[in-house]
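Student: I would like to see how this sequence folds:
(4 chains)
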Number of protein chains: 4
Amino acid sequence: MLSFECDYNNGAHPKILKRLLETNEEPLSGYGADPYCAMAKKKIQACCENTEAEVHFLTGGTQTNQVVIDALLTKYQGVLAAETGHVSLHEAGAIEFTGHKVITLPQREGKLAAETVKQYLEDFYGDESHEHMVFPGMVYISHPTEYGTLYSRKELEELSAVCREYGIHFYMDGARLGYGLMSKGTDVTLPDIARLLDVFYIGGTKVGALCGEAVVFTRRNTPKHFLTTVKQHGALLAKGRLLGVQFDTLFTDYLYRDISQNAIEMAEVLKKIFREKGYRFFVDSLTNQLFIVLDNERLERLKSQVKFSFWEKLDEEHTVVRFATSWATAMEEIEALEKLL
Amino acid sequence: MLSFECDYNNGAHPKILKRLLETNEEPLSGYGADPYCAMAKKKIQACCENTEAEVHFLTGGTQTNQVVIDALLTKYQGVLAAETGHVSLHEAGAIEFTGHKVITLPQREGKLAAETVKQYLEDFYGDESHEHMVFPGMVYISHPTEYGTLYSRKELEELSAVCREYGIHFYMDGARLGYGLMSKGTDVTLPDIARLLDVFYIGGTKVGALCGEAVVFTRRNTPKHFLTTVKQHGALLAKGRLLGVQFDTLFTDYLYRDISQNAIEMAEVLKKIFREKGYRFFVDSLTNQLFIVLDNERLERLKSQVKFSFWEKLDEEHTVVRFATSWATAMEEIEALEKLL
Amino acid sequence: MLSFECDYNNGAHPKILKRLLETNEEPLSGYGADPYCAMAKKKIQACCENTEAEVHFLTGGTQTNQVVIDALLTKYQGVLAAETGHVSLHEAGAIEFTGHKVITLPQREGKLAAETVKQYLEDFYGDESHEHMVFPGMVYISHPTEYGTLYSRKELEELSAVCREYGIHFYMDGARLGYGLMSKGTDVTLPDIARLLDVFYIGGTKVGALCGEAVVFTRRNTPKHFLTTVKQHGALLAKGRLLGVQFDTLFTDYLYRDISQNAIEMAEVLKKIFREKGYRFFVDSLTNQLFIVLDNERLERLKSQVKFSFWEKLDEEHTVVRFATSWATAMEEIEALEKLL
Amino acid sequence: MLSFECDYNNGAHPKILKRLLETNEEPLSGYGADPYCAMAKKKIQACCENTEAEVHFLTGGTQTNQVVIDALLTKYQGVLAAETGHVSLHEAGAIEFTGHKVITLPQREGKLAAETVKQYLEDFYGDESHEHMVFPGMVYISHPTEYGTLYSRKELEELSAVCREYGIHFYMDGARLGYGLMSKGTDVTLPDIARLLDVFYIGGTKVGALCGEAVVFTRRNTPKHFLTTVKQHGALLAKGRLLGVQFDTLFTDYLYRDISQNAIEMAEVLKKIFREKGYRFFVDSLTNQLFIVLDNERLERLKSQVKFSFWEKLDEEHTVVRFATSWATAMEEIEALEKLL
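Tutor: Next up is the predicted model:
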């Protein structure tokens, strides 16, 4: 059956598997101390155009959020996030598991405004009883957001400025970063991100890898004994080569860029089809996730022919669903979907 | 200076200190295994008119919330609370510290509606991805709420019914329970609470004790090895007699009832004064906390003559402040305040 | 350079990579809900000869220990382990990170005796103040142990009997289980383990996989909402296929057995060489890890020609080192090493 | 019945209760911001002869250990303690509850030798795989120890030197500090402790108070936002006056010194009696706890006439028991006990 369910339903990009095969026989040191990890780190650092950037590899998105947030926050601090943020809703309490509160703030189309953050921080420090509250120690954003929307460079600059004013960390969850960078509607580059954020991750799992996320600390600010912290969280992969080889491949010959672009192009075609056929968009996504409002009858009909994600009930008769393209989506699949719509 | 700052600015009721003196020389076993704890437990159980009620003593409110919630929740569960709830805002993340998320829900005048809770639970179990979310394992309410408001018996019955339908715990933070029970606007009795809630606590710190809260598990549902859990949280008092003697005194000859009544009566008089003088109420409190809207000029003037609590900024020109009466408030203080207003 | 450093220096068994390639194009559901996970689980269950066995896949060893122990223990419980156990020493406090104490007991050659455990439990419950102590809730053993030694079936039966008598979980860390099962010196089979233990894991990372461990709950005792617990620990792999395909391959056509046997055979040859050349063994390992006592001069000489692991300083002049064979070790490597010795 | 069970079986020193009564009517700010806390802090600081000393009050011993250790340790650090230390054994895992491992070291008569600590630290940093282990971040000692023994000034200096060499915190659990300071066998003064330790606490609960411990950070090293950390642990007392008044009283007119001296003098008399009657000492305690070896027959006989503590089984026929004197022990009690022996 045709599937637009999500962007991690396929395996890995063939070049990654090829490279795993080629390097398979080499005996390599574990825990990330292998040459592939080293090469991948250098290539990512170069793409960031930031000589202070330090790169580390982890296995999955929730794990990365948990480890990075816990490693950077002081024990009495929490993290500010949009109420729709992945850490707020869909990580089974992985952040609270480490003792930190996710302090949720109102959002618009999945985005957190600098003004909202600033107001919260002002009110917090203005409140006489704030010592009885969780100190805000970080701002978490996802880019693209959970709704496929993107921050503009100006918005990131404003958020960055607020964070620096208050001395708190600014962190970006880039599970789908590739799709954000290749969006036709963005003015944000990887060097921008490496300049404006204190830490972010470049998602592999949803962009062509079997697993793996590359965390970038942008100002030589890797927390002390980070490897130990990773181990303590049960997140240290013995065969670090699995992550090193994958990211080395993704950052060789622009592979990460090119496969991200495929997802965007397929999404653009699909968007046009939806629009022409009169479908209603729930939000104007600029990336590889399209949120469509379906009446329930059509929903039932489509469900038997193509896989997509249920997002939320809009009202008694309408439902929001998500169609996701990915690095692996082929034009034939789009055409097949077009016929069904 | 005159003080209506809060209800824990005074020491203890004199009868409590007298009793501590009288029993001081007796060598008693520690950790709650003394006869005063035993007597106090029996008296509280009797007042609850519930033979299945089991009583335990802890030292403070946040500690009690932390220990009770952590002891009852399974590791992957969180607690549902009003966004204005004490556990949501003013406990420095003490709940998240134990690994549990506080899932905040919209409130009205500090209260959580059964309908709101039911809708959340329905949506949660209706969401296909709920296994990636924190399971709701308890409903937390405060009674009186942080705004001095009260649940009606019907509202508690409805909340209780929802909790039982979904098999989750129903817990009441009764830091100011005495004031709630003696309010003229309530139809809720202690036996009602002991029937409808799974667990609640009777606040001592804010109602005449030096420290101490009495936790009541209402259906022989004290968690296994609760003493060990209390110890693990650093919450086990060596000289349990300090808590036993205080609660034994409070529950002898209706002392808890009578001193709570004093706070209510003083609040009623004060309310009348505020009303007659044309002050604006922010919320219609039924208990010992009155929330008044002051213009900033008057705020500044009053501040130099009487202590009260800043609550929140209403707009550029107005501020919400709180005046609290207590078990110790004397009519002379009210009269002195009247002159200032 | 020749490497006997450890058993996870090679990539994956070629059949695994081949299978990943073959299945790569299939769109599959995430989080373990794919047919390869399902097939692998069935095959493992069949090998366990236990219809009550439930199988789950995780990514690494420390992660597995952390998730399993935390999922099974009540909050006030700790885990009993040999003072040399992996959870006691080399997991950066991953168990304590989840709030649980590792209660260490004396060992012999890395093994915990039933008598030692029984004595501890008797003393614990005999101690009047045990409610002020961490309750023992599980016995953790590694098999093979950190010293390459093995429990006999009788020893496992005795430990199992003690655990059942006291109603605590019996858990085996099988990071190198394949090597244990194929040892010439063992009378323990996989069905024995699935009968005597409450939970154990079959290590993939050190036995031919790129990553992955298969947890087996042996009496339909998977903790409720285990997937949520895994997610909460940041341990849920989005592309569960990576684990499913690997374990499906390992448990097809006896691959797991055969490659484990290779490590054992190579270790036997190497052991003979060491013995013939008069090397001193620190412990009589029955599996793929050989612990050799070297004088420091020879240590320095060898270090420049072959990779092995430093284990511990024995005295001023001698050091214990470890040579590990693996599923990938070839006879040529053994021969090359022989020349060096 | 005569009781030598422990040193917290009595209420409070009468002067403390008197002072609580005298100050009871004053309305005071909560959470430690009252003048009695301020006065008590100044007096304690003066006794420490250390102008950099900062004092904070907590309610109980385990709570204090938990809060102080958690507040000072980095997340990936653990605390080194004697295997007989209170934090190692009798706090129900309160330290692990906050995510930190208690790394236990061998002891002699309850004491940790500087040499033992130094060796551990050297081995730790000498171990290539130490990044996979818990980093030692603090040395915890109790003084007097759990066996009533005392460190000499020289021993404290040596431990302090090791801690500074390795840049880790040196912390003393002074639950019974008064008895240690007044021991006839000590050369350690409070200023010595305030000079050599980074943090310690002066026990109130076991030395005349109803509850309360005074934590002293000796080099202006109170952790940032310590009040918030205390609140987060559920350890912030609303009516801080309860602690302030008690410690202010204990540190007025040498009360703490004098009542501690009473316990020591009573213990000396009792020790002489035991010795004269030919009782065997398990350890040579210098403070208020005497550890006596009883044959089981005599144990049974005594048990029915006087309360004391079971300590440990020595062999089949002998048991170690503890007799504790306290600030409240009267000569009549000693004489009554003498008759029974």
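
Student: Could you pull out the strands in the stretch 151-300 of chain A for me?
Tutor: A:169-173, A:199-203, A:213-217, A:280-281, A:289-295 (DSSP state E, counting those that start in this stretch).

Student: Give me the contacts around the shortest one.
Tutor: Right, the one you point to is strand A:280-281. Strand A:280-281 has contacts (C-beta atoms under 8 Å, 6 or more residues apart in numbering or on different chains) with A:Phe274, A:Arg275, A:Leu290, A:Phe291, A:Ile292, A:Val293. For the C-beta atoms, the positions are set from N, CA and C on the backbone; glycine is no exception.

Student: and those, which are buried?
Tutor: Neighbour-count burial (16 or more other C-beta atoms under 10 Å in any protein chain shown) applied to the contacts of strand A:280-281 gives A:Phe274, A:Leu290, A:Phe291, A:Ile292, A:Val293.

Student: Let me see the contact set for the fourth one.
Tutor: Looking back up the chat, that one is A:Ile292. A:Phe274, A:Tyr279, A:Arg280, A:Phe281, A:Phe282, A:Val320, A:Val321, A:Arg322, A:Phe323.

Student: Quick one, which of those are buried?
Tutor: Buried among those by 16+ other C-beta under 10 Å: A:Phe274, A:Tyr279, A:Phe282, A:Val320, A:Val321, A:Arg322, A:Phe323.

Student: related to what we said a few turns ago, so which of the contacts of strand A:280-281 is the closest to chain B?
Tutor: Of all the contacts of strand A:280-281, chain B sits closest to A:Phe291, with 15.2 Å by C-beta to the nearest C-beta.

Student: Would you mind naming the residues that bridge with the closest one?
Tutor: Beta-bridge pairing of A:Phe291 under DSSP bridges involves A:Arg322.

Student: hmm, back to that, closest one to chain D out of the contacts of strand A:280-281, please.
Tutor: Nearest to chain D among the contacts of strand A:280-281, with distances taken as C-beta to the nearest C-beta, is A:Phe291, at 38.3 Å.

Student: follow-up on the earlier one: now tabulate the buried ones among the contacts of A:Ile292 in CSV and tack on pLDDT and distance to D:Lys231.
Tutor: Shown next, in CSV, are those (pLDDT from 0 to 100; distance: C-beta to C-beta, whole Å):
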residue, pLDDT, distance to D:Lys231
A:Phe274, 96, 51
A:Tyr279, 95, 51
A:Phe282, 95, 42
A:Val320, 95, 41
A:Val321, 95, 44
A:Arg322, 96, 41
A:Phe323, 96, 47
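
Student: if I pick the closest residue to A:Ile264 other than its chain neighbours, what's in contact with it?
Tutor: Spatial nearest neighbour of A:Ile264, excluding adjacent residues (C-beta to C-beta, 6 or more residues apart in numbering or on different chains): A:Met182 at 4.7 Å. The neighbours of A:Met182, taking C-beta under 8 Å, 6+ apart as the test, are A:Arg257, A:Ser260, A:Gln261, A:Ala263, A:Ile264.

Student: run the last query once more with 7 Å
Tutor: Contacts of A:Met182 were listed using C-beta atoms under 7 Å, 6 or more residues apart in numbering or on different chains, and they are A:Arg257, A:Ser260, A:Gln261, A:Ile264.

Student: now the residues you listed: which count as buried?
Tutor: Burial by neighbour count, judged by 16+ other C-beta under 10 Å, picks out A:Ser260, A:Gln261, A:Ile264 from those.

Student: Just name the closest of those residues to chain C, please.
Tutor: Closest to chain C, out of all of those and judged by C-beta to the nearest C-beta, is A:Ser260, at 17.3 Å.

Student: Please tell me how far the closest residue to the closest one other than its chain neighbours sits from A:Tyr140.
Tutor: Spatial nearest neighbour of A:Ser260, excluding adjacent residues (C-beta to C-beta, 6+ apart): A:Gly178 at 3.2 Å. Distance, A:Gly178 to A:Tyr140, by C-beta to C-beta, to the nearest Å: 19 Å.

Student: quick one: which of these two has more around it?
Tutor: A:Gly178 (32 against 24; other C-beta atoms under 10 Å in any protein chain shown).

Student: Wait, A:Val134 touches B:Gly93, no?
Tutor: Yes. If you go by C-beta atoms under 7 Å, A:Val134 and B:Gly93 touch, sitting 4.1 Å apart.

Student: pull the CA atoms of the longest helix along chain A into PDB?
Tutor: Assignment by DSSP state H gives helix A:255-276 as the longest helix of chain A. Extracted in PDB, the C-alpha atoms of helix A:255-276 (Å, rounded to 0.1, in the frame of the first residue of the first chain):
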ATOM      1  CA  LEU A 255      24.000  13.800   0.100                       C
ATOM      2  CA  TYR A 256      22.200  15.300   3.100                       C
ATOM      3  CA  ARG A 257      21.300  18.400   1.100                       C
ATOM      4  CA  ASP A 258      20.200  16.500  -2.000                       C
ATOM      5  CA  ILE A 259      18.000  13.900  -0.400                       C
ATOM      6  CA  SER A 260      16.400  16.600   1.700                       C
ATOM      7  CA  GLN A 261      15.700  18.500  -1.500                       C
ATOM      8  CA  ASN A 262      13.900  15.500  -2.900                       C
ATOM      9  CA  ALA A 263      11.500  15.500   0.000                       C
ATOM     10  CA  ILE A 264      10.800  19.200  -0.500                       C
ATOM     11  CA  GLU A 265      10.300  18.900  -4.200                       C
ATOM     12  CA  MET A 266       7.900  15.900  -3.800                       C
ATOM     13  CA  ALA A 267       6.100  17.900  -1.100                       C
ATOM     14  CA  GLU A 268       5.700  20.900  -3.400                       C
ATOM     15  CA  VAL A 269       4.200  18.700  -6.200                       C
ATOM     16  CA  LEU A 270       1.900  17.100  -3.700                       C
ATOM     17  CA  LYS A 271       0.900  20.500  -2.200                       C
ATOM     18  CA  LYS A 272       0.000  21.700  -5.700                       C
ATOM     19  CA  ILE A 273      -2.200  18.600  -6.300                       C
ATOM     20  CA  PHE A 274      -4.000  19.100  -3.000                       C
ATOM     21  CA  ARG A 275      -4.500  22.700  -3.800                       C
ATOM     22  CA  GLU A 276      -5.800  22.100  -7.300                       C
END
